[in-house]
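J.: Below: sequence and its predicted model.
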Amino acid sequence: MTKLAIMGAMEEEIEPLLAHFENVNIVEFANNKYYEVNYNGLDIVIAYSKIGKVFASLTAATMIEKFACDTLLFSGVAGGINPELKIGDLIIADKLCQHDLDITAFGHPNGYVPGGKVFVETTKSLRDVAIKVANENNLKVIEGTIATGDQFVHSTERKDFIQTTFKADALEMEGASVAVVCDALNVPFFILRAISDSADMDAGFDFDEFLKSSAKNSADYLIKIVKEL
Ligand SMILES: Nc1ncnc2c(CN3C[C@H](CSc4cnccn4)[C@@H](O)C3)c[nH]c12
C-alpha cells in the first residue's frame, strides 16, 4: 500500500495543498510539523521543510525513514531560466543538480563531488502520470532541468552561470536535495514547480507578488496527480 509524502519548502507552498484535506493529525518531530491525512484511501504525510538544501534533506529523509513514505512528491515555486517559462507556468523536473556545489579547484566539474553525480533523474513513471493529467486537463507544462542552490538568485550574472553550466530551465533551493535523498533511499520521487519570478534583478519583487498564485498553480496540479496515483 502506497504511503505518499507531499513536500514543500515554505508554508505558502503547502498551505494550498492542506486546504484539500480534513481530519489532519499533526506530528511534531525534529523542529518541524508533519501533517498526516487519509485521502481516497491513501495515507499521506505533508510537510514544509523550511528554506534551503539542508532543511529539505532532513524533511525528505524523515518522511521516508520515520514516516515510512514510499513515494515523494514536491510542490512549490521556482525562478525561471528558460525564456519559454512565464510566471505561473509549470515545470516538471526530469533531472536536478546543485549549482553551488563546487570543488572545481580539484579538477571536478561544477555540481560534482566524488561518490555523487552532477544530475539526479526523477522517476519516469511519476512524470508519465503527470503528463497524462496535464493533457487531460489541457495544462501547459514543460519537462526540464532544475538547478538547486542555497541562495535566492536575483542577478542575471548568477542566472547566466547556472544556465551556461547546467543548461538548467529553472532554479530553486531544495529540489536536488530531495533528489539525492530519494535516489539514495530508492524511493520514487517527483518534483513540480510553478514559476514565481525570473531570477533576475526583479526577482525579489516578482517573488513577493506571485508566490501565492504560483504556489496554488503547482498545488492544484499536484492534487490532480495524487488522484491518479
Ligand atoms: N529566484 C529564486 N532563487 C532561488 N529560489 C527560488 C524559488 C523557490 N523557493 C522560494 C524560496 C526563496 S527564498 C525566500 C526567503 N524568504 C522569503 C521568501 N523566499 C526558497 O524556498 C526557494 C523561487 N524563486 C527563486
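T.: Alright, I've got the coordinates.
J.: State the helix or strand in which the residue nearest to T148 when sequence neighbours are not counted lies.
T.: Using C-beta to C-beta, 6 or more residues apart in numbering and skipping residues adjacent in sequence, the residue nearest T148 is A176, 3.5 Å away. The way it works is simple: take the backbone N, C-alpha and C, and place the C-beta from them, glycine included. Using DSSP states H and E, A176 falls within helix 175-184.
J.: again with D200
T.: D200 belongs to no helix or strand, assigned by DSSP H and E.
J.: Please name the nearest non-neighbouring residue to it.
T.: T156 (5.2 Å).
J.: From what I see, the one you found and S198 are in contact.
T.: No - using C-beta atoms under 8 Å, T156 is not in contact with S198, being 9.1 Å away.
J.: What count of nearby residues applies to N40?
T.: Number of residues near N40 (other C-beta atoms under 10 Å) recorded here: 8.
J.: Report the mean confidence score over the helix or strand that the helix holding A176 is followed by.
T.: Sequence order places strand 189-197 as the next helix or strand after helix 175-184, per DSSP H and E. Strand 189-197 comes out with an average pLDDT of 98.
J.: can you pull the buried residues of the helix or strand just after strand 189-197?
T.: Using DSSP H and E, the helix or strand that follows strand 189-197 in sequence is helix 203-227. For helix 203-227, a neighbour-count test (16 or more other C-beta atoms under 10 Å) marks 203, 206-207, 210-211, 214-226 as buried.
J.: among those residues, which are within reach of the ligand?
T.: Among those, proximity to the ligand is found for A203, F207 (C-beta under 6 Å from any ligand atom).
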